[in-house]
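Student: Generate coordinates for the sequence data below:
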Amino acid sequence: MSDKEVICTDEVDPLNFENQLDLKEEELLSASCRLVKIFPHVISNYDGNDPKRIMGKLDMEMFVEAYRDKATEYDTQDMIRERASETHELWSNIVRAANLQLDPNADNAPFRPYRVESLEILKEELGLTLYRHIRKAFREVRVAAKYRVHFRPWNTREDKEANFDSLLTSLTPTWPLG
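Tutor: Residues are numbered from 1 along each chain as shown. As a prediction, the model looks like this:
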């Protein structure tokens with residue numbers, strides 16, 4: 001055995017690992033949203049018309065891509081888009097319903113208002129990327145309700161979702177950190 005090999009005798013529960021990852025991702029998103037609440041000028045130029053910035057919003061194109069990846073030679077683009085649309089609508093409705101039943105003061109993280117088996121089946125059939133996208137939507141819904149921030153923290157220079165570091169960097173001219 002080389003010194004780079006690792007032997008693990010304990011069995012790792014993938015769902016538990018995903019849960020721990022969800023908790024850490026939720027903590028980072030919560031911190032980002034708190035920064036946005038404290039320093040609203042970070043998103044001051046946002047008019048609210050970009051759907052990709054809404055917390056918990058599922059991206060239809062990710063569903064289309066997942067179905068395209070598993071398509072057969074007999075599947076037309078219309079068939080792929082129709083299947084993707086049905087699955088997108090199903091999970092979007094589950095996310096919306098979760099938003100309505102959520103108690104923002106409860107500390108039941110990770111937030112799972114769905115049948116775990118259903119999402120596991122989706123992961124097997126449509127892949128890890130889409131699975132993680134949906135789990136992220138549930139995290140966002142929970143954080144949005146808790147902090148009453150309904151738009152994703154955004155890096156306007158790069159036109160993409162901001163991570164915690166980029167939010168801190170955007171504050172540097174206003175608030176000296178060093």
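Student: Can you show me the helices along this protein?
Tutor: Using DSSP state H, the helices of the chain run over 14-38, 60-70, 77-101, 116-126, 128-147, 164-171.
Student: Reformat those into JSON lines and put distance to residue 49 next to each item.
Tutor: Just so you know, the C-beta spots here come from the backbone N, C-alpha and C atoms, and that holds for glycine as well. Formatted as JSON lines, these follow (distance: least, C-beta to C-beta, whole Å):
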{"stretch": "helix 14-38", "distance to residue 49": "18"}
{"stretch": "helix 60-70", "distance to residue 49": "17"}
{"stretch": "helix 77-101", "distance to residue 49": "19"}
{"stretch": "helix 116-126", "distance to residue 49": "29"}
{"stretch": "helix 128-147", "distance to residue 49": "18"}
{"stretch": "helix 164-171", "distance to residue 49": "21"}
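Student: Turn these into CSV, including mean neighbour count, distance to residue 52 and mean pLDDT.
Tutor: Listed next are these as CSV, based on neighbours: other C-beta atoms under 10 Å; distance: least, C-beta to C-beta, whole Å; pLDDT from 0 to 100:
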stretch, mean neighbour count, distance to residue 52, mean pLDDT
helix 14-38, 15, 16, 82
helix 60-70, 18, 10, 97
helix 77-101, 15, 14, 92
helix 116-126, 14, 20, 92
helix 128-147, 20, 12, 90
helix 164-171, 16, 16, 78
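Student: Between those helices, which one is closest to residue 51.
Tutor: Residue 51 lies closest to helix 60-70 among the helices of the chain, at 9.6 Å (C-beta to C-beta).
Student: how far away is residue 152 from residue 131?
Tutor: 19 Å (C-beta to C-beta, to the nearest Å).
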